[in-house]
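Colleague: build me a structure from this.
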Amino acid sequence: MSAGAAYVVLQRVGEHEWRVLGEVARRPGLPARKSRGQALRDALGREPEHGEAFAVLPRSEWRLSLDC
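Modeller: Below is the predicted model:
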């Protein structure tokens, strides 16, 4: 995992399964909420489609969040 990455972007692939799409750095000057949305677009290379399930988590928390 990249030390400079702020967010990990995951895609739901099953009821309890997630796939890591990538890690994305926070964009300087963007509020956290907008930066998270931009992280998703950066990881996908496109806008998300209706019905797709994603999670954008801080890099420091993503493993803990998915182990629940």
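Colleague: so which residues of the protein form strands?
Modeller: 7-14, 17-24, 54-58 (DSSP state E).
Colleague: who does the last one pair up with?
Modeller: Sheet partners assigned to strand 54-58 using DSSP bridges are listed as strand 7-14 (antiparallel).
Colleague: what residue ranges in the chain are flagged as low confidence?
Modeller: Low-confidence segments of the chain (pLDDT under 70): 1-4, 62-68.
Colleague: so which residue is dead centre in it?
Modeller: Val9 (2.1 Å; CA atoms, centre = their mean).
Colleague: that residue touches Gln38, doesn't it?
Modeller: No. Using CB atoms under 8 Å, Val9 makes no contact with Gln38, being 10.6 Å away. C-beta: built from backbone N, CA, C; applies to glycine.
Colleague: and for the two, which residues touch both?
Modeller: Common contacts of Val9 and Gln38 (CB atoms under 8 Å, 6 or more residues apart in numbering): Val24.
Colleague: re earlier: okay if I get the strands of the chain as a markdown table plus distance to Asp42?
Modeller: Listed next are the strands of the chain as a markdown table, based on distance: least, CB to CB, whole Å:
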| stretch | distance to Asp42 |
| --- | --- |
| strand 7-14 | 8 |
| strand 17-24 | 5 |
| strand 54-58 | 10 |
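Colleague: so Ala39 makes contact with Leu21?
Modeller: No. Assessed by CB under 8 Å, Ala39 is found out of contact with Leu21, at 9.9 Å.
Colleague: for the residue lying closest to Glu23 once chain neighbours are set aside, what are its contacts?
Modeller: Closest residue in space to Glu23, ignoring its immediate chain neighbours: Ala5 at 3.5 Å, by CB to CB, 6 or more residues apart in numbering. The contact partners of Ala5, by CB under 8 Å, 6+ apart, come to Glu23, Val24, Ala25, Arg59.
Colleague: gap between the third one and Arg12?
Modeller: Just to be clear, that refers to Ala25. Plainly put, Ala25 is 23 Å away from Arg12 if you go by CB to CB, to the nearest Å.
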